[in-house]
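Novice: dropping the sequence and predicted coords here.
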Amino acid sequence: QVQLVESGGGLVQAGDSLRLSCAASGRTFSTMAWFRQAPGKEREFVAVISRSGRITDYTDSVKGRFTISRDNAKNTVYLQMNSLKPEDTAVYYCAARLGVGVGRTIKEYNYWGQGTQVTVSS
């Protein structure tokens, strides 16, 4: 059974850092990504990483502050979030796709985690 389990969310103040983790089980994946969904908004792309880790992509609002990485030996992907802002408040979801490519759209991803809440206070 394939599972993606996120952890690391929490309540922090603006300017603080958090590191999210997503542990995959049941199979290995090529591309993995993070999305987020704020209250009343649609789920949006945050970051993506290829299997080798050589290719990454970020939404503009997090460039320079967030870093996606992965440890294939642990089948885990991470999202290091620095200089957090109140507008980063959302439920963060890990996603994985079976095919290659580093897309930004929800429909490209086959598996999703349950989400972890990140709340940034001002």
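Specialist: Nice, I can see it. Residues are numbered from 1 along each chain as shown.
Novice: quick one, strands of this protein?
Specialist: With strands called from DSSP state E, the chain shows them at 3-7, 10-13, 18-25, 32-37, 44-49, 56-58, 66-71, 76-81, 90-96, 111-112, 116-121.
Novice: so in that sheet, which strands flank the second one, and in what orientation?
Specialist: Sheet pairing here is set by DSSP bridges, and for strand 10-13 it gives strand 116-121 (parallel).
Novice: list the contacts for the residue nearest to Gly53 when sequence neighbours are not counted?
Specialist: Taking CB to CB, 6 or more residues apart in numbering, and ignoring the residues beside it in sequence, Gly53 has Arg70 as its nearest neighbour in space, at 5.6 Å. (C-beta placed from N, C-alpha, C; glycine too.) Applying CB atoms under 8 Å, 6 or more residues apart in numbering, we find Arg70 in contact with Met32, Ile49, Arg51, Gly53, Thr76, Val77, Tyr78.
Novice: just the buried ones from those?
Specialist: Neighbour-count burial within the contacts of Arg70 applies to Met32, Ile49, Thr76, Val77, Tyr78; the criterion is 16 or more other CB atoms under 10 Å.
Novice: measure the nearest residue to Asn82 once chain neighbours are set aside to Val100 for me?
Specialist: Excluding the flanking residues, the one nearest Asn82 by CB to CB, 6+ apart is Ser17, at 4.7 Å. Going from Ser17 to Val100 by CB to CB, to the nearest Å gives 31 Å.
Novice: state the pLDDT value of the residue lying closest to Thr67 once chain neighbours are set aside.
Specialist: Of all residues not flanking Thr67 in the chain, Gln80 sits nearest, at 4.4 Å (CB to CB, 6+ apart). With respect to pLDDT, Gln80 scores 98.
Novice: please identify the residue most distant from the middle of this protein.
Specialist: Ser122 (22.4 Å; CA atoms, centre = their mean).
Novice: state the distance from Tyr109 to Ala23.
Specialist: 17 Å.
Novice: those two - which one has more neighbours?
Specialist: Tyr109 (24 against 16; other CB atoms under 10 Å).
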